[in-house]
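Asks: structural data only, the sequence is not supplied:
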């Protein structure tokens, strides 16, 4: 929402942003991505000092955890960033209104005793923690991700319900700090929506670090006592109930759209059966003049996806060509090693009926990884077998969250796997090896069927056709100095755009 507000103001709109929390930045900055990353970084330093420094010839005596100081650092990071957004609002002349907003119809929004009027209203209310039937979250012993970011002590035994991104990240934090961590998951694998090979490898590596997994298990109840929680659970496919004791329980089974108190029904804003605000391809809801973006409309529940949608709708309303490429939105799990993904998984590509080729290369064979003693994991690249276009990339390994950016950029430009293989820089060296693995899997090597052309010049002619001048190359041929001129019919719309 704040990104959308700033972009709208930059484009000349008089803009107000209503936020009831009292601090800007939404879930991500206040009680999500940022505080969790701060704790992940701090706990990673502690784990390195306790378990890995000795291998590098560094001896540390008297090592201990000061959880209060760690939490204070996390809070300072969050506070500084939220105040920074207030500064950006002032710089860009965005009016900041504190309070809960309700749609009143006719382009009006009520916030307490104030009524705001606007030609365009954009809903960016995000999401909230999905509750689990039979388990009451009190943010003391049974906590959501919000409560887990502010525990008063390192648990002796933390049970995490849900083996998704949030559960594994926060479970990793407290495992590094000394807790016993058990992850209970309804489905039969960790990170169930990631690539299958990545899911299996991530579970193995986290188990190696000491996390325990109890898969295909559903939690049916939680009884809170003075010093802990007794969970009742049973196998998904049936079986006797069992109990598990923990001093803290983290419920991390997902998030749901936040629409409470917005007055959507009265305003004529339709919801999907799962409670998401329904929109068209330009973020327009069923009510004229009301738009929606981010978690509240569904799709990937990621802050950077919502930000892209915020920029896009602001530009669309300003008459520009706002657009979001949903095929190139990365996702990162900040465990260690990190896990990153973009595009199609191998399973999804095959389910679409695509013929793909898959290249996989282990970090164990990367010199930088070996030198750093960070050689767990692999990179998996998925490309169209016919065109060589990159369809997806899945990484588990050191700096995965940084490395995935190369592939995201490549996918934005419809890069071929060969293009990515030509990039060269330390960690990224394995990308070259990915392409090599493609070629080794082919009995006859790569076939010179992939013609790649760059439009060097486009000229609209009087007869309504267009003359294109192309620089071209194939698998076996470097870019050619000569050019290929093509005359092709062109639609009236394309002609207008060329003018």
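Replies: Right, received. Where do you want to start? All values reported here derive from a predicted model rather than from experimental measurement. Numbers count the residues shown, from 1 in each chain.
Asks: mean confidence score for stretch 320-332?
Replies: Confidence for stretch 320-332, expressed as mean pLDDT, is 96.
Asks: that one: end-to-end distance?
Replies: 30 Å (Cα to Cα, to the nearest Å).
Asks: centre of the chain to it, how far?
Replies: On the basis of Cα atoms, centre = their mean, to the nearest Å, stretch 320-332 sits 12 Å off its chain's mean C-alpha point.
Asks: try stretch 98-108
Replies: For stretch 98-108 - counting by Cα atoms, centre = their mean - the centre lies 30 Å from the chain centre.
Asks: buried sites along that stretch?
Replies: Buried residues in stretch 98-108, counted by 16 or more other Cβ atoms under 10 Å: 101-103. C-betas here are computed from N, CA, C, even on glycine.
Asks: same deal with stretch 274-286?
Replies: Residues of stretch 274-286 classed as buried under the neighbour-count rule (16+ other Cβ under 10 Å) are 276-277, 279, 283-285.
Asks: for stretch 44-63, same thing?
Replies: For stretch 44-63, burial by neighbour count (16+ other Cβ under 10 Å) applies to 44, 46-47, 50.
Asks: just give me the neighbour total for residue 12.
Replies: Counted with other Cβ atoms under 10 Å, the burial measure for residue 12 works out to 8 neighbours.
Asks: quick one, what contacts it?
Replies: residue 318 (Cβ atoms under 8 Å, 6 or more residues apart in numbering).
Asks: touching, residue 331 and residue 342? I think so.
Replies: Yes - applying Cβ atoms under 8 Å, one finds residue 331 in contact with residue 342, separated by 7.3 Å.
Asks: circling back to that earlier point, quick check, nearest of the buried residues of stretch 98-108 to residue 127?
Replies: Nearest to residue 127 among the buried residues of stretch 98-108 is residue 101, at 16.6 Å by Cβ to Cβ.
Asks: surely that closest one and residue 17 touch.
Replies: No - the criterion here is Cβ under 8 Å, and residue 101 misses it with residue 17 at 10.0 Å.
Asks: next, residue 230: phi, psi?
Replies: Per-residue torsions, residue 230: phi -110, psi 120 (degrees, to the nearest 10).
Asks: looks to me like residue 173 is in a helix.
Replies: Yes - according to DSSP: H, G, I helix; E, B strand; the rest coil, residue 173 belongs to a helix.
Asks: how close does it sit to residue 145?
Replies: According to Cβ to Cβ, to the nearest Å, residue 173 and residue 145 sit 11 Å apart.
Asks: swap in residue 278?
Replies: 27 Å.
Asks: which stretches of the stretch 351-499 of the chain have low pLDDT?
Replies: Where the stretch 351-499 of the chain drops to pLDDT under 70, the residues are 424-457, 461, 463-499.
Asks: now do the helices in it.
Replies: 367-372, 400-412, 417-421, 429-441, 492-498 (DSSP state H, counting those that start in this stretch).
Asks: in the protein, which helix is the longest?
Replies: With DSSP state H setting the assignment, residue counts place helix 67-91 as the longest helix in the chain.
Asks: in terms of secondary structure, what does that helix contact?
Replies: On a contact count with 3 or more Cβ pairs under 8 Å, 6 or more residues apart in numbering; DSSP states H and E, helix 67-91 meets helix 2-10, helix 26-31, helix 33-51, strand 95-98.
Asks: try it again at 7 Å.
Replies: Packed against helix 67-91 by the contact rule (3 or more Cβ pairs under 7 Å, 6 or more residues apart in numbering; DSSP states H and E) you find helix 26-31, helix 33-51.
Asks: angle of the last one against helix 67-91?
Replies: Orientation check (axes from the mean of the first three to the mean of the last three Cα atoms, to 10 degrees): helix 33-51 against helix 67-91 gives 150 degrees.
Asks: other SSEs contacting helix 33-51?
Replies: For helix 33-51, the packing partners by 3+ Cβ pairs under 7 Å, 6+ apart are helix 67-91, helix 165-176.
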